[in-house]
Structures are given as C-alpha cells and as structure tokens.
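Undergrad: here is my input; please provide its structure:
(chains A and B)
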Protein chains: 2
Amino acid sequence: MFTGLSAFPLTPIHRDRVDEAAFAGLVGRLAGAGVDSITALGSTGSYAYLTRDERARVVRLAVEHAGEVPVLAGIGALRTSHVLEFAEDAQRAGASGVLLAPVSYQELTPDDVYGLYEDVTRALSVPLVVYDNPRTTHFSFTDDLYRDVARLPGVASLKIPGVPADPAEAARRVARLRELLPQGVTVGVSGDAFGATGLNAGCDAWYSVVGGTLPAPALEIVRAARSGAAERAEELSARLGPLWDLFARHGSLRVTAAIAEHLGLVRGPSLPLPLRGLGPQDRDRVARVVNELGLE
Amino acid sequence: MFTGLSAFPLTPIHRDRVDEAAFAGLVGRLAGAGVDSITALGSTGSYAYLTRDERARVVRLAVEHAGEVPVLAGIGALRTSHVLEFAEDAQRAGASGVLLAPVSYQELTPDDVYGLYEDVTRALSVPLVVYDNPRTTHFSFTDDLYRDVARLPGVASLKIPGVPADPAEAARRVARLRELLPQGVTVGVSGDAFGATGLNAGCDAWYSVVGGTLPAPALEIVRAARSGAAERAEELSARLGPLWDLFARHGSLRVTAAIAEHLGLVRGPSLPLPLRGLGPQDRDRVARVVNELGLE
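TA: Take a look at the predicted model:
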C-alpha cells in the first residue's frame, strides 16, 4: 500500500464550502486511472484549512469513490488532541492509513515532534506515514529523528521532501535512509520535480501532487522507473519541466488548482481564502503549458 | 487604547483543557497592576491551538476579570471564514479590539494578506491591530503592505516584531513607519528584549509577553520611557537581560510558561501538546533567574 503512485487530490473549496461532487469526481478519476493509493487531505487537499466535520466527510467521500484503491488520510493539526480526533474520524471513515506532518505555530523541538508521533501511533489501529514537509510545517527532521520516529509501532512509510538532483547522490541519500529505517518502512519521494529521480534512486513510492489531478503522466513515470527504465522516467519527467517551473514559481497547490479549473474538473475559485488563485496572466500560462503538453 | 503596555497573558492549558480559574487569575493580576490593555489570545495566549468555543470562553473570561482595562482579542486562523467567526465571537464577548496575524500553512502572497485584512476589517465594528509576527506566521510584511493594510478602515495599530538594537537606527525606523502609516495608527513594538529601545525610539505601545505574566517590571520600563527617561528604561530592560537570553534560547512562550508555573500562577504543564515545557535543567535556570531578579 505504501509503494508506487500515491495520488494527492485537491479538496476543492468553492464559496467556502467543500465541493463534494467535484471531489468525488477527482477521486473516481484517480481510481479509474489505476493509481496505487489515494491520499485525501494532503497539503494539496488543504487539510490544514478544514474543520473536523469537513475532514471526516472528505475521507468518507474518498473511500466511497476510490473503489478498490486504498485511501490514506491526512490528520495533521497544531494540537495533539485534535490530531487524535482526526485520526479516529479517518479510521471510522474507512481510511487504510494516515499521514501526519508536524504542523507548527510555535517552533517545535525534536522532543515535541517525537512525542506527537508517540502519542498518535499509540492510539492508531491503521499504519502511519511520517510526512516531512518543511515548507509548510517549518519543522526540519534530522536523520536521528527519522530513525527514532520510524521505529514507533505502526509507522509504515516516510514521505521525504525531495532528493538531490544528481542521480548518484540521490541513490546515496536513499541508501542512507534505508540504513536508518527499520525494514518494511518504505521511503516515498515528494516534490513532484524529484519524482523520477527519487524513484530511480530507489524510493518505493511517489507521494505526488500532480498525480492527484493528472494521474496518467505520473503513472507513466512510475511505471518506467519501476520497470528499470530510468532514462525513460527522467525523459518523461523532463517533458513536464514547464510544469515543474510553474510549481517552483507559484507553489504546487495554486498551479494544480489552476490546472483543475482549466480542465473543468473543479469550479474556480477552488482554494480556501485567504489563498487566492493565480492571476489571469499566470492562469493563461498554466493553460498554455497544459495544452502544449497535451495534459488532461 | 493602543498605547502604553498591552499585556499578553498565557492561556494555561492543563490536561488539554483551558484552566479557566488560572486564566482569570492572570487577567485580574494584570488589571490590578494597571496595565493599559490586556490582549487575550495572543501568540502567548496560544490562540492558534484553541477551538472556537475555547476562544470565545477565554475572551469572555478576560472581559469579566479585566475591570476597566480594555481587552483586545487575537482572532487569527488559517482560513478567512474562521477568522470572521472568531471576530464575531470576540466582539460579542465584549472585546474592545482585535489582533490579527496572517497565519499560514501554504505560503501567503501579499495579495492574499491584503485580501484577508480587507475582508476582516469590512466585517468588524471594533478596531484592529495588524500583527506582524514572522517567526510564527512565516509571512514577512513589506513596508508597502504595511502602508496599504494600515489604510483599511478600522486599523488602529501596527504590532511590529522588533526594532534595530541601535537607538538612532531604531528612531529612524519608527520615523519611517510614521511616514507610511495614516495619522492615528499607533506603532507597537514587540519582542520583549526590544521593548525599551522601541518605546525610546517613539513607539506608542509595547505589546509585551513578559508584561502578561510579570506586569510590574514591564510597567516600570514603559513609565520610564514615556516620561522621557530613556536611559532609565534601557537600564531596567538590561537588568532583565538574563530573561531575554532565555527567551532567545527557548522562545518566549516556553520560558513564560515556566515562570508562571514557578510562581504558582498556573498549574504545570500549562502548554498545549505537542508543545512540551522546558526540561528540568532549563526550568531550574528559569527559576534561578526569576529569584535572583526578585521577579514576582
């Protein structure tokens, strides 16, 4: 379950409400494309902005529309007791696993973060993905903390924020992580521009933003990499370069929302305020890239 | 109302519940000491960790126990609609003003932040303090954005994260801010180590963490600075140097919680998990500093 392509759908928010029909459509599209898992309520799914009721409803919808594909659910929150509530709700809604990032307002210490994962794994009955996303959490894991947290019961996977761009360095980095982590804990790369390089370097999974909205090109990359066609995977990723450039400039969420709006998958605006979507010029650029690359 | 010492009390959280009696005690202590305003639910008041019900209750308690002292209330949240709910609740509970920081999970653009303040000031009937706290929000205001936001109706004050350590530079910085801001919008310094320098440089207010738990020494500094005794204000602040060192090392929240616990003002642990208090050694150091400085 913690290998291959894990696709992170948007949670479309239109006029301050979750657009449930559009979300169900996104999930159905991912299941139809044959992704390996669907992670609802990732950063791309705007979990941090949603209420308890909204989150519970989103996980239920995801499970309902995912068919046979396992659903993972983000459960992050600033306060441990809220994380525990979200974990309980996600399990009740049928999630096969949960994803937890150490979200911060006050700066967190490594002890705080270890304690968080300790408290949460103690309460869980499904496996957990440790979600390292320093850009949004403003917390940076050390390798020692990776090692300690990954030893907690129920930890199944580590979602890392990227790998070095150089293939040999990336392979060394993934090998180093393997030494640190208990056997059976998978390593998943994120940061979509690093997907191909990460998989080629030995990552088991790609936790993918783009895969949540454009599953076909993401699956192509995963299949190439996992069949040993490393160069082909890099070529497929390089072809999406204009998309990675837009992600780097505007953040993957805003660009992905613009793509989904352009393709008519969600109604715009689809982000929770105060997040505004891209302006008209940037939106045009996104549409041009999508059309030129023939993405759909 | 937006001048002098605005004291930021802790919201003590014991076993995952707001300790209402202890909070009421902290507020009463501030009112008794004669602070100029009390800001409930600042960063020191852990607003970001609290539910809507908890926040509403905390503001009501603050107003009940503040006597004649005006109460400001923090209303920050990741989602604009939640900020608007907290604003409404704070006004209903009797807050005389609100404090709003642009809290982020996804990186915010200046347009997002301007839009947030526009939407919120449009709905408010009490004045608003613009709260710039890049350490917790990870958003940095530009001077242009200060100017634009401060022109919105109802903006009464700007809480800045600090001033240059050099008195002449600090005075230039505050003078520059005065040029940018409409007349009547006050400038308040925060970052407690900068309190005396900021007031001496012409800031109208000190938005103070230490003042929320130890109002007497903070009031001494404010009174010295505002009576023109700049050197005396700096001396009083320098005397608290060991405290500022602890704040710099551990963050003001954890140190202030340890002080309040040491003085018996709140029951420990008093922070919301996953935030752990200081360890035993650091706690001893805090107690020693408090005792040596004769703080109470």
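
Undergrad: residue numbers of the stretch 1-150 of chain A in contact with chain B?
TA: Residues of the stretch 1-150 of chain A that fall close to chain B, judged by CB under 8 Å from any CB of the partner chain: A:16, A:43, A:46, A:48-49, A:78-81, A:102-103, A:105-109, A:111-113, A:115-116, A:119, A:135-136, A:138. C-beta coordinates here come from the backbone N, C-alpha and C atoms, glycine included.

Undergrad: make a ChimeraX selection of whichever of those residues turn out to be buried.
TA: In ChimeraX, this line selects whichever of the residues of the stretch 1-150 of chain A next to chain B come out buried by 16 or more other CB atoms under 10 Å in any protein chain shown:
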select /A:43,46,48,49,78,79,80,81,102,103,105,106,108,109,112,113,115,116,136,138
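
Undergrad: from the residues of the stretch 1-150 of chain A next to chain B, which ones fall inside helices?
TA: Of those, the ones assigned to helices by DSSP state H are A:80-81, A:111-113, A:115-116, A:119, A:135-136.

Undergrad: wait, what's in contact with the nearest residue to A:Ser81 once chain neighbours are set aside?
TA: Spatially, and ignoring its direct neighbours in sequence, A:Ser81 is nearest to B:Asp16 (4.9 Å; CB to CB, 6 or more residues apart in numbering or on different chains). B:Asp16 makes contact with A:81, B:272-273, according to CB atoms under 8 Å, 6 or more residues apart in numbering or on different chains.

Undergrad: could you do A:Arg239 as well?
TA: A:Arg239 neighbours (CB under 8 Å, 6+ apart): A:Leu293.

Undergrad: quick one: it from B:Leu273, how far?
TA: Plainly put, A:Arg239 is 46 Å away from B:Leu273 if you go by CB to CB, to the nearest Å.

Undergrad: now the helices for chain A?
TA: Using DSSP H, helices in chain A cover A:20-33, A:52-65, A:80-92, A:110-123, A:134-137, A:143-150, A:167-180, A:195-200, A:215-226, A:230-239, A:241-250, A:252-262, A:280-292.

Undergrad: please work out which of those is packed deepest.
TA: helix A:195-200 (a mean of 28; mean count of other CB atoms under 10 Å in any protein chain shown).

Undergrad: how far out from the middle of the chain is that one?
TA: 15 Å (CA atoms, centre = their mean, to the nearest Å).

Undergrad: which helices and strands does it pack with?
TA: helix A:167-180, strand A:186-189, strand A:205-208, helix A:215-226, helix A:230-239 (3 or more CB pairs under 8 Å, 6 or more residues apart in numbering or on different chains; DSSP states H and E).

Undergrad: can you list those in JSON lines and add mean pLDDT?
TA: Formatted as JSON lines, the helices and strands packed on helix A:195-200 follow (pLDDT from 0 to 100):
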{"stretch": "helix A:167-180", "mean pLDDT": "98"}
{"stretch": "strand A:186-189", "mean pLDDT": "98"}
{"stretch": "strand A:205-208", "mean pLDDT": "98"}
{"stretch": "helix A:215-226", "mean pLDDT": "98"}
{"stretch": "helix A:230-239", "mean pLDDT": "98"}
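
Undergrad: now, the most widely separated pair of the ones in helices among the residues of the stretch 1-150 of chain A next to chain B?
TA: Farthest pair in those (CB to CB) is A:Ser81 and A:Arg135. Separation: 25.6 Å.

Undergrad: returning to what we had before: need the helices and strands packed on helix A:195-200 in CSV (columns: distance to B:Pro161).
TA: Listed next are the helices and strands packed on helix A:195-200 as CSV, based on distance: least, CB to CB, whole Å:
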stretch, distance to B:Pro161
helix A:167-180, 36
strand A:186-189, 36
strand A:205-208, 34
helix A:215-226, 41
helix A:230-239, 40
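
Undergrad: so how far is the least confident helix or strand in chain A by mean pLDDT off the chain centroid?
TA: When each helix and strand of chain A is scored by mean pLDDT, DSSP states H and E, helix A:134-137 comes last, with a mean of 96. Mean-position distance between helix A:134-137 and its chain equals 13 Å (CA atoms, centre = their mean).

Undergrad: go on, stretch A:221-233?
TA: Counting by CA atoms, centre = their mean, stretch A:221-233 comes out at 20 Å from the chain centroid.

Undergrad: from start to finish, how long is it in a straight line?
TA: Using CA to CA, to the nearest Å, one end of stretch A:221-233 lies 5 Å from the other.

Undergrad: swap in stretch A:45-55?
TA: In stretch A:45-55, first residue to last residue: 10 Å (CA to CA).

Undergrad: and the contacts of it?
TA: A:8-11, A:13, A:18, A:39, A:41, A:58, A:73-77, A:82, A:85-86, A:89-90, A:103, A:136, A:212, A:253, A:271-272, B:78-79, B:105-106.

Undergrad: quick one: pLDDT of A:Ala257?
TA: Confidence at A:Ala257, expressed as pLDDT, is 98.

Undergrad: I figured it hits A:Arg267, correct?
TA: No. Counting by CB atoms under 8 Å, A:Arg267 is not a contact partner of A:Ala257; they are 10.8 Å apart.

Undergrad: overlap in contacts of these two?
TA: Contact criterion CB under 8 Å, 6+ apart; residues shared by A:Ala257 and A:Arg267: A:Pro12.

Undergrad: for the lengthiest strand in chain A, packing partners?
TA: Identified as the longest strand of chain A according to DSSP state E is strand A:155-160. Other helices and strands packing on strand A:155-160, by 3+ CB pairs under 8 Å, 6+ apart, are strand A:128-131, helix A:143-150, strand A:186-189, strand A:205-208.

Undergrad: helices or strands next to the second one in the packing?
TA: Identification of packing neighbours for helix A:143-150 by 3+ CB pairs under 8 Å, 6+ apart yields helix A:110-123, strand A:128-131, strand A:155-160, helix A:167-180.

Undergrad: contacts for it?
TA: A:110, A:113-114, A:117, A:130, A:132, A:141, A:155, A:158, A:176-177, A:180-182, A:185.

Undergrad: let's see that with 10 Å instead.
TA: For helix A:143-150, contacts defined as CB atoms under 10 Å, 6 or more residues apart in numbering or on different chains pick out A:100, A:102, A:110-111, A:113-114, A:116-118, A:121, A:128, A:130, A:132, A:139, A:141-142, A:155-158, A:160, A:176-177, A:179-182, A:184-185, A:187.

Undergrad: A:Met188 contacts A:Gly211, doesn't it?
TA: For residue A:188 the amino acid is Gly, not Met. No. In this structure, A:Gly188 is not within contact of A:Gly211 by CB atoms under 10 Å, at 11.6 Å.

Undergrad: neighbour count winner among those two?
TA: Set A:Gly188 next to A:Gly211 and count neighbours by other CB atoms under 10 Å in any protein chain shown: A:Gly211 wins out with 29 against 26.

Undergrad: what about the residue nearest to the more buried one when sequence neighbours are not counted, distance to A:Ser208?
TA: In this structure, A:Gly211 finds its nearest non-sequential neighbour in A:Ala218, 3.4 Å apart by CB to CB, 6+ apart. Distance, A:Ala218 to A:Ser208, using CB to CB: 5 Å.
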